[in-house]
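Peer 1: Here is a sequence with its predicted model. Questions after.
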Amino acid sequence: MTAAVQPGDTGPKHLLNSIQDYVDAFHALYQEGKPSFFEVSGPLPATGRTDTALAATPNLTVILKCYEACGENTLHAHTTEDHVFIVLKGEVNFYGPGGEVRTFGPLHGVMLPRGTFYRFRASEGEPLVMLRIGCSAQQGGDMFARIGADGRQMDGNSAQNGHVEPVLSGMYFGPGHDGH
């Protein structure tokens, strides 16, 4: 996997669909003792979501997440990772454990300490593009560990989490792309 998507490249190598895809992409991006430069760019989906790994260390990840009218629709929490979402395009509705909702758009974000239950959905009308930055909050913890409201483990790419298989639109978000 590469850190930046090239114009015209719509291959599935940029779609992170399993925990192993994420692990492999993060491993390939990490360069011990060296800076990692990246472009915030990735494919926009016609349906579902795309995740593009941009940069990583063993404890920190940067992912571009692009959504069509969907989101992470099941209340869940990450048990060993603090993370933040920053909206770059579109509008999102974030829901808390008590049903509270907060709607916000570009250049606004949310910080989610480990153990914070949430879910979100893209507002209708245009693609949702968010930068997700995650950091291990527990030494040696599984950065992919997530639980549902029932306390049981839940895969982020599962039907239980509202996952829809992505279909690429052929458009991109990022510098020099029409989707920006």
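Peer 2: Everything's here; your move. Numbers count the residues shown, from 1 in each chain.
Peer 1: Pull out the buried positions in stretch 171-179.
Peer 2: For stretch 171-179, burial by neighbour count (16 or more other CB atoms under 10 Å) applies to 171-174, 179. In short, each C-beta sits where N, CA and C put it, glycine included.
Peer 1: CA atoms only: put that stretch into PDB for me.
Peer 2: Extracted in PDB, the C-alpha atoms of stretch 171-179 (Å, rounded to 0.1, in the frame of the first residue of the first chain):
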ATOM      1  CA  MET A 171     -13.500  10.500  -7.600                       C
ATOM      2  CA  TYR A 172     -10.900  11.400  -5.100                       C
ATOM      3  CA  PHE A 173     -10.500  13.800  -2.100                       C
ATOM      4  CA  GLY A 174      -7.300  15.700  -1.900                       C
ATOM      5  CA  PRO A 175      -5.000  18.200  -3.600                       C
ATOM      6  CA  GLY A 176      -5.400  18.300  -7.400                       C
ATOM      7  CA  HIS A 177      -8.600  16.100  -7.300                       C
ATOM      8  CA  ASP A 178     -12.100  17.100  -8.300                       C
ATOM      9  CA  GLY A 179     -13.500  15.600  -5.100                       C
END
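Peer 1: chain center to it, what's the gap?
Peer 2: 18 Å (CA atoms, centre = their mean, to the nearest Å).
Peer 1: Could I get the average pLDDT for it?
Peer 2: The average pLDDT for stretch 171-179 rounds to 79.
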